[in-house]
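Novice: Give me coordinates for this.
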Amino acid sequence: MTNQEKIKELLGSHFGYTSFREGQEEAILAALSGEDTLVMLPTGTGKSICYQLTGYCLKGIVLIVSPLLSLMQDQVEQLKMFGEKRVAAINSLMDIKEKEWVLNHLNQYKFIFLSPEMLQQPLLLERFKQLEIGLMAIDEAHCISQWGMDFRLDYLELGTIRKTLNYPLTMALTATATETVRQEILDSLLLDKDKTKQIVYSVDRPNIAFSVVACRRNKEKKLLEKIEQLKKPGIIYFSSKKKADEVTAWLKVETPFAVESYHSDIEGDDKIKIQQQFIQNDIDIICATSAFGMGINKENIRFVIHYHLPASMEAYLQEVGRCGRDGRPSIAILLYEPGDQFLQMRLHEDGLPTPAMLNYAYRNGTVFDGSCSTIQQEIIENYLSSKTPLEEAKAQIMSRELQKKRQLDYMVQYAETTSCKRTHILYYFDETRIEKPLNCCSNCGLDESVYSADQDEFLRNKATTFLNWKKTLNELFLLEN
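Specialist: Presented below is the predicted three-dimensional model:
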């Protein structure tokens, strides 16, 4: 049996699918031929199957580096649903006894999920050195570039970890990465560009329409108009946790919809509860920061609205890509008011250390006492511990600042351009539009009726669901009595 025949059979037996989506088969066959791979497939096209099915074909464990607890838990639950019991996520949600048991029985697992920070722990790394690693998968690999420099410094150590583990077969996966970012991923992971198979598909999702709504100090009004028009469920993204909470409270009063907020200050158990309620359609709208969405496997999200201007096109496409995963028409809306970029500029200032902070730290061997953010402190400490020369550190920070400015400028251009929004997005990723979908963007003209929702019908359906649930509950009580 050829590898092609084998993986087709495993696709059916393990996952219940009869055919591969674009790029999946190519990625799996490349890995099975012994090639390290960098896989870039559009959001919602099943990147996880690439490393999961590859793992089933290889001896040894599959080590999956994943950025978020929610993403790990989601992948673990999905594998368990498909009947896989040899799977675990080593993270802070484990109690001590459970973690001890998993660490003492690692060789009994096929799939192990963990964060870059967890993988850095010497004890854990030593255990993995003693095991046969069939495949090392770096999920959401764009985080190496997006987060590695700013606040997840352990992402920058993944190449060193690969070396420590004797360079296991590696598959890096992402949905959004320019050619420059793809090169950053390869360099950081110590992957040879000439020997690494790059499987790159278009970032375009033709079923998602793109719309920019001009606002003049009336964002709440425009937001309410759109929410009343659009089919549910949906996500509204914010750059401010406070604003996400405020709008959530306001929408609960102004609309009949079930609305909840989600951000890093929400307790862990509440996060899981909100995620599950959203997946089960008990929540209609989530008001969230970027902390929400990665790892949420929900196919019928009909809209994603951005209340604040995103920091980059990569971040924007990642977040809007969470709608329309069932292939049905969906819409991404950016509420834009000139000057919106200043919020992101303030956030950028808090994210990177200033030259004065670096001068002080290098002169005194320590960071400012209480005068810089946790992120700035971690970056400075990383420079000090790695003995990076001061001028080199300053040059890197300046380069990062310029990169962030260029990314933000491009988002402003996207918001303000009068030409095709989709073409503007694709151009950023060095792509050209092959054909224009029926509903392309607000500049090309949208058939708004495709996305409009009958609110009365929506409420009738919710009422019917409630009455059916109440009837079932009453019947259960009668049976008990």
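Novice: Show the average pLDDT along the helix or strand hosting E391.
Specialist: Taking DSSP states H and E as the definition, E391 sits inside helix 390-416. The predicted model gives helix 390-416 an average pLDDT of 91.
Novice: Let me know the angle separating the next helix or strand after that helix from helix 390-416.
Specialist: Note on helix 390-416: by DSSP H and E, the next helix or strand toward the C-terminus is helix 421-428. Counting by axes from the mean of the first three to the mean of the last three Cα atoms, to 10 degrees, helix 421-428 points 160 degrees away from the direction of helix 390-416.
Novice: packing partners for helix 421-428?
Specialist: Using 3 or more Cβ pairs under 8 Å, 6 or more residues apart in numbering; DSSP states H and E as the contact criterion, the neighbours of helix 421-428 among helices and strands are strand 208-214, helix 313-320, helix 390-416. (Each C-beta comes from the backbone N, C-alpha and C, glycine too.)
Novice: is it possible to export these to JSON lines including mean neighbour count and distance to Q108?
Specialist: Output for the helices and strands packed on helix 421-428, formatted as JSON lines (neighbours: other Cβ atoms under 10 Å; distance: least, Cβ to Cβ, whole Å):
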{"stretch": "strand 208-214", "mean neighbour count": "21", "distance to Q108": "42"}
{"stretch": "helix 313-320", "mean neighbour count": "23", "distance to Q108": "35"}
{"stretch": "helix 390-416", "mean neighbour count": "15", "distance to Q108": "43"}
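Novice: one step back: from the chain's centre, how far out does the helix holding E391 sit?
Specialist: 21 Å (Cα atoms, centre = their mean, to the nearest Å).
Novice: Equivalent analysis for stretch 103-118, please.
Specialist: The gap between where stretch 103-118 is centred and where its chain is centred comes out at 21 Å by Cα atoms, centre = their mean.
Novice: Would you mark the buried spots in it?
Specialist: For stretch 103-118, burial by neighbour count (16 or more other Cβ atoms under 10 Å) applies to 106, 109-116, 118.
Novice: same deal with stretch 59-79?
Specialist: By neighbour count, with 16+ other Cβ under 10 Å as the criterion, the buried positions of stretch 59-79 are 61-76, 79.
Novice: Stretch 276-283 now?
Specialist: 278-279, 283.
Novice: Which of those residues fall in helices?
Specialist: In helices, judged by DSSP state H, the following of the buried residues of stretch 276-283 are found: 278-279.
Novice: quick check, nearest of the buried residues of stretch 276-283 to S33?
Specialist: The closest of these to S33 turns out to be I279 (Cβ to Cβ; 36.8 Å).
Novice: Make sure that closest one is actually in contact with I301.
Specialist: No: in this structure, I279 is not within contact of I301 by Cβ atoms under 8 Å, at 10.2 Å.
Novice: Am I right that L131 is in a helix?
Specialist: No: L131 sits outside any helix when classified using DSSP: H, G, I helix; E, B strand; the rest coil, being coil.
Novice: where in the stretch 201-350 of the chain is pLDDT low?
Specialist: Along the stretch 201-350 of the chain, the model assigns pLDDT under 70 to residues 294-295.
Novice: Helices of that one, start to end?
Specialist: Along the stretch 201-350 of the chain, the segments classed as helices by DSSP state H, counting those that start in this stretch run 219-229, 241-254, 268-279, 313-320, 341-351.
Novice: So for T180, which of those sits nearest?
Specialist: Of all those, it is helix 313-320 that lies closest to T180, at 10.7 Å by Cβ to Cβ.
Novice: That closest one to strand 208-214, inter-axis angle?
Specialist: An angle of 110 degrees separates the directions of helix 313-320 and strand 208-214 when computed by the same axes, to 10 degrees.
Novice: Output helix 313-320 in CSV with nothing but the alpha carbons.
Specialist: Output for helix 313-320, consisting of C-alpha atoms alone and laid out as CSV, is shown next (Å, rounded to 0.1, in the frame of the first residue of the first chain):
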residue,chain,number,x,y,z
MET,A,313,-3.3,42.6,8.8
GLU,A,314,-2.1,39.2,10.1
ALA,A,315,-4.1,39.7,13.4
TYR,A,316,-7.1,40.9,11.5
LEU,A,317,-7.2,38.0,9.1
GLN,A,318,-6.7,35.5,11.9
GLU,A,319,-9.7,36.9,13.8
VAL,A,320,-12.1,37.3,10.8
